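Visitor: Provided below are the primary sequence and the corresponding predicted coordinates.
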Amino acid sequence: MPIFEYKALHISGKTVRGMIDADTAKNARLKLRKQSLSVVEINEKNASKSSSSHSQHGSVGKQESASISLFAPRVSLKILSVTTRQLASLINAKVTVVDSLNGMVDQTENKVMRLILSQIRQDVNEGMNLSKAMAKHPKVFDQIFVSMIEAAESSGTTGPVLIRIAELKEAQSRLRSKILSGLSYPIVMLVVGVTLFVAIFTLLIPKLTAILTDFNQELPALTKFMIVISDIMVEYWWLLIGGSVSFIMIVLQWIQTKAGRRMWDVFVLKAPLLGTLARMAGVARFSMTMGTLLTAGVPIIRALDIVKNVMGNVVLADAIVSAKENIAEGQSISEPLKRSGQFPPVVTQMIKIGEQTGELAAMLQNIAKTYEEEVSSRIEGLTSLIAPLMIVIIGIIVALVVLAVFVPLMQMMNSV
């Protein structure tokens, strides 16, 4: 059933905006009229376009096309996991898929998700499989989601698999939140440090320079160096800002190239401290996703194909491609991962044991939990290390500035 976005006037004179589902625009108007609303404008919405704009007098406006992925807010992992759990609860309660989607459309508050669910409901009602209907919205339902639903439909376990998907999305959200929260404090410290540095050299040093030069006395080398830096920042600030922005843009463009992305990913994995964290996060993402896919009944070749596309690091993805080729030749998955040198020995050993015992999915889930906790612990350790390091660096800069300013001032006072 289509969804219409409307603007209407209440009998009290208040303007009301909202969304309502109905078979046609005429029926939507009738529903709104029963709610004492006089329609000013109404648009039919679907997952990819907004069309059929009508005025209060019934004239049809021009049709518009607006991609939801470009012009509407993205659906967060939190909203997606909550929606998935609610849908799973309805299906597990023996409610049909169409009726479950009806209930979800009525109770979902997020406009983007409600719009997408409405389109999925319409497609399923017309005979399309749930997985294919979801595949039409790749910005929300990724390959992992669609493949697991497809496997669940063939085995009749849609409800339980939806629960596993929700758990996977929640785990991904937790991992992302831990990484972002760990990086937020160092970033704040960096911003504070840079701001302080700029303020000192563009506001404080120029004023003190004017005082020092009035005495016509030879200045220490450190003071001269600070004055030179201050003069450059004051006179050529536009060049410094433009050069920095240009450099960042060039680096970002370079990373988009195939060679640049590979070199960047190699650099990230080899970087001190952060490299270990990036590798652990990659192992956690691989184990979490792979274990969930296998538990849902997705074939291992297909699962490896999906996982390599969500790793976010081409070096780790190459190791997974090698594992896929090994599996296709009837061999194990653990050997190519071990040969790549990108996965810790304990991980490849646990995967090998999982293959031998036939409990690979469960073993991968255990690895995911272990490394998720390890990532959290490592982030806390890095944060506790970076914070005092940033404070020390800021303190050194301030101390150098103090020496550069007050040493010549003391010399001048003594000479006077």
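Guide: Looks like it arrived, so ask away. Residues are numbered from 1 along each chain as shown.

Visitor: State the distance from residue 353 to residue 326.
Guide: For residue 353, the distance to residue 326 (Cβ to Cβ, to the nearest Å) stands at 17 Å. Just so you know, the C-beta spots here come from the backbone N, C-alpha and C atoms, and that holds for glycine as well.

Visitor: Neighbour count for the two, which is higher?
Guide: Set side by side, residue 353 and residue 326 give different neighbour counts by other Cβ atoms under 10 Å, the larger being at residue 326 (18 against 13).

Visitor: show me the contacts for the more buried one.
Guide: Contacts for residue 326 (Cβ atoms under 8 Å, 6 or more residues apart in numbering) come out as 332-333, 335-336.

Visitor: Tell me which of these fall in helices.
Guide: Residues from these lying in helices, with DSSP state H as the criterion: 335-336.

Visitor: part of a strand, is residue 312?
Guide: No: assignment of residue 312 by DSSP: H, G, I helix; E, B strand; the rest coil gives coil, placing it outside any strand.

Visitor: Which strand or helix spans the most centrally placed residue in the chain?
Guide: When Cα atoms, centre = their mean is applied to the chain, the residue found nearest the centroid is residue 176 (7.2 Å). Secondary structure from DSSP states H and E places residue 176 in helix 158-199.

Visitor: next structured bit after that helix?
Guide: For helix 158-199, the succeeding helix or strand toward the C-terminus, using DSSP H and E, is helix 205-213.

Visitor: So which bits of stretch 377-385 are buried?
Guide: Neighbour counts over stretch 377-385 (16 or more other Cβ atoms under 10 Å) mark 378-379, 382-383 as buried.

Visitor: Kindly report the same for stretch 263-279.
Guide: So stretch 263-279, judged by 16+ other Cβ under 10 Å, has buried residues 264-265, 268-269, 276-279.

Visitor: For this structure, which residues score under the pLDDT cut-off?
Guide: 1-2, 11-13, 45-74, 214-217, 415-416 (pLDDT under 70).

Visitor: Please compute how far the helix ranked longest in it lies from its chain's middle.
Guide: If each helix of the chain is counted by residues according to DSSP H, the longest one is helix 360-415. Centroid displacement of helix 360-415 relative to its chain, using Cα atoms, centre = their mean, to the nearest Å, is 25 Å.

Visitor: Would you mind getting the angle between it and helix 205-213?
Guide: With axes from the mean of the first three to the mean of the last three Cα atoms, to 10 degrees as the basis, helix 360-415 and helix 205-213 are set at 20 degrees to each other.

Visitor: which helices and strands sit right next to helix 360-415?
Guide: When contacts are defined as 3 or more Cβ pairs under 8 Å, 6 or more residues apart in numbering; DSSP states H and E, helix 360-415 sits against helix 158-199, helix 205-213, helix 221-235, helix 274-295, helix 345-357.

Visitor: quick one, phi psi at residue 138?
Guide: For residue 138, the backbone dihedrals (degrees, to the nearest 10) come out as phi -70, psi -20.

Visitor: sorry, back to before: may I ask which two of the buried residues of stretch 377-385 are separated the most?
Guide: Comparing all pairs in the buried residues of stretch 377-385 by Cβ to Cβ, the longest separation belongs to 378 and 383, at 9.6 Å.

Visitor: thinking again about what came up before, is it possible to export the buried residues of stretch 263-279 to JSON lines including distance to residue 5?
Guide: Formatted as JSON lines, the entries for those read as follows, by distance: Cβ to Cβ, whole Å:
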{"residue": "264", "distance to residue 5": "42"}
{"residue": "265", "distance to residue 5": "42"}
{"residue": "268", "distance to residue 5": "43"}
{"residue": "269", "distance to residue 5": "47"}
{"residue": "276", "distance to residue 5": "49"}
{"residue": "277", "distance to residue 5": "44"}
{"residue": "278", "distance to residue 5": "42"}
{"residue": "279", "distance to residue 5": "46"}
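
Visitor: So residue 17 belongs to a strand, correct?
Guide: Yes: with three-state DSSP as the criterion, residue 17 is assigned to a strand.

Visitor: ok, it to residue 105 distance?
Guide: In this structure, residue 17 and residue 105 are separated by 18 Å, where distance is defined by Cβ to Cβ.

Visitor: and the two? which has more neighbours close in?
Guide: residue 105 (22 against 10).

Visitor: State whether that one and residue 21 are indeed in contact, as I suppose.
Guide: Yes: with contact defined as Cβ atoms under 8 Å, residue 105 counts as touching residue 21 (6.4 Å).

Visitor: Identify the contacts common to the two.
Guide: Residues within reach of residue 105 and of residue 21 at once, by Cβ under 8 Å, 6+ apart, are 3, 118.

Visitor: mind checking how far stretch 341-349 is from the chain centre?
Guide: 26 Å.

Visitor: buried sites along that stretch?
Guide: 342-344, 347-348.

Visitor: TSV for those, including distance to residue 367?
Guide: Output for those, formatted as TSV (distance: Cβ to Cβ, whole Å):
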residue	distance to residue 367
342	14
343	10
344	10
347	6
348	10
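
Visitor: for the residues you listed, which one is nearest residue 157?
Guide: Distance to residue 157 across the buried residues of stretch 341-349 (Cβ to Cβ) is lowest for residue 347, with 28.5 Å.
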